[in-house]
Each structure stands twice: as C-alpha cells, then as structure tokens.
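Sharing a model prediction with you, sequence too.
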Amino acid sequence: MITIGICDDELDVRMDIKNAILNTMIDKDIEYQVKEFSNGEDVIKYIELDNEIDILFLDIQMDGLDGMETARKLREYDRTTEIIFVTSIGEKISEAFEVRAFRFIKKPIQHEVIEKNLKECVVEVAKKRGCFLKIKTDNGFKKVYSRDLIYIEAINKKIKLCTKEGELECRGNLNDIVSNFEKQLFIQCHRSYIVNMIYIEEIYNRDIIMENGARIPISRNKYKKVVDKYFWSIGEDI
C-alpha cells in the first residue's frame, strides 16, 4: 500500500491535486490511499503516531508551520518520504536540498505535471522499499530482494528466479511468489513469465529484451497491458 499525502491550506488546491492523483492511479493495479492535511502540524502529528507517508505533495507557504519547516521536522522521523513541494514562489529552492525534496511543482497546478512527477515517485518508492522473500532452495534458504529480481519463470512445478546475482530455483506458484512484491514494479507478460519493469531494455511484438540480455516471450493478449504499464512507469505516454 502506497500512502500519498497532500498538505495545503487551500481546499481547492488539495482537491485539484487529489483529482490529478486519482486520474493518474486509475486502473494501475497499485494499492494506494490519499491522506489530506490542511497544515504542517497535522502532518507531523500523523507521522508521530508511527504512520508513514510515501509521497507528500507539500505547500511551502502556509500559516503556522510552513512547508519547509514541516519537511525539516518530517525528516526527523522519516528519511524516505518523497517530498514534492507545491509553490508559487522560487526563492526557497536552495533549501530543498537540505530536506532532500524530490522536486518542485509550481502553482497553478497542472494535472500533467502532477501525473509525470507522481509516476516517477511511485517507481522510486518501490525501489527504495526493497521487499524480499526467503526462498527455500536445495542448498538452504536465500533472501531475494525485489529490486534485484530481473524476471521469474514457471517451469513445470518449479519456479526459476533470475536475479542480478544469478539464478535460483524453488517450488511454488508464480502468482504466490510475486504477490509479495511491489505491483508497481512487476507485470506478467506471459502465463509462465513475470518481469521486473526496471530491467526492461526493449519491447518487441513477441518478446521483451531484459537488461541482462534475456529474451522473454510476451503473449498477444497481454501485450497492450504490458506496454501501457511500462511506459506509465517511466513517465511517458504512447
């Protein structure tokens, strides 16, 4: 589950950003929730209760705790939140490096700009999380991180996992294996294959070339979904 926060003291701006988020995430097979905050103090209270915000659209100019100070306090609790400042001013851009902001979006809000930045953030969140599985092999147990997994292949009753470190085999179901990983990174391109989109090099009509040179078949009925999700993940339209 990805948590996307919106912090702005103007209701119409929050609604505008929220609508852009909903339009961007629709039909993307990614579990997410949107949390709205009207001030920086409420963001910090939410974090202090051990809640997480993966991506935060944060207004700089707010009464009370402004956006920059909110970001500073946020970093005391959470060093991984992707912060996207929303602002009508530019003089505080240099301070953004201090709080490791992802980038700036200028007001008035443009939906296509929200969409582009959100897509990139979603992928960055998945990469940072680095979910892992403990795979039982003939030699014992092996920890496999999703960020290192290039593709998965079902062969009879066995599963082959191709990782950056080499290949592993285990018993199991293809969908059960990938259900533990981030859906925003993986997609099934064939009944026997699931690929990690960050390692896709090229997509052809009948197969996919992975970064390690592997050629993975792509089913005709899955082609459009694969292409759409891949280009969505890299922030481009086709």
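Happy to help now that I have it.

so what does the helix or strand of the chain with the lowest mean pLDDT touch, helix or strand wise?
Lowest mean confidence among the helices and strands of the chain (mean pLDDT, DSSP states H and E): strand 132-137, at a mean of 73. Taking 3 or more Cβ pairs under 8 Å, 6 or more residues apart in numbering; DSSP states H and E as the contact definition, the neighbouring helices and strands of strand 132-137 are strand 140-145, strand 166-171. For the C-beta atoms, the positions are set from N, CA and C on the backbone; glycine is no exception.

per-domain residue ranges of the protein.
Residue ranges for each domain of the chain read 2-129, 132-233, as given by automatic domain parsing.

Now render those as JSON lines, adding mean neighbour count.
Below are those laid out as JSON lines (neighbours: other Cβ atoms under 10 Å):
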{"stretch": "domain 2-129", "mean neighbour count": "17"}
{"stretch": "domain 132-233", "mean neighbour count": "16"}
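
Any regions of the chain where pLDDT drops low?
Segments of the chain classed as low confidence (criterion: pLDDT under 70) are 89-102, 127-132, 180, 182, 234-238.

quick one, helices of the protein?
With DSSP state H applied, the chain shows helices at 11-25, 40-48, 67-77, 111-129, 174-178, 223-233, listed in chain order.

which outside residues touch the last one?
Read that as helix 223-233. 28-29, 119, 122-123, 184-185, 187, 189, 197-198, 200, 203, 205, 208, 218, 237-238 (Cβ atoms under 8 Å, 6 or more residues apart in numbering).

Same check on the fourth one?
When contacts are taken as Cβ under 8 Å, 6+ apart, the neighbours of helix 111-129 outside the stretch itself are 2, 4, 16-17, 19-21, 23-25, 30, 54-55, 57, 80, 82, 84, 102-103, 105, 146-147, 182, 184-185, 198, 232-235.

and the angle for it with strand 140-145?
160 degrees (axes from the mean of the first three to the mean of the last three Cα atoms, to 10 degrees).

what's the offset of helix 111-129 from the middle of its chain?
Here the centre of mass of C-alpha atoms in helix 111-129, compared against the chain's by Cα atoms, centre = their mean, to the nearest Å, lies 6 Å away.

Next: the second one.
Chain-centre distance of helix 40-48: 22 Å, with Cα atoms, centre = their mean.

what does stretch 108-121 give?
Computed by Cα atoms, centre = their mean, the separation of stretch 108-121 from the middle of its chain amounts to 14 Å.
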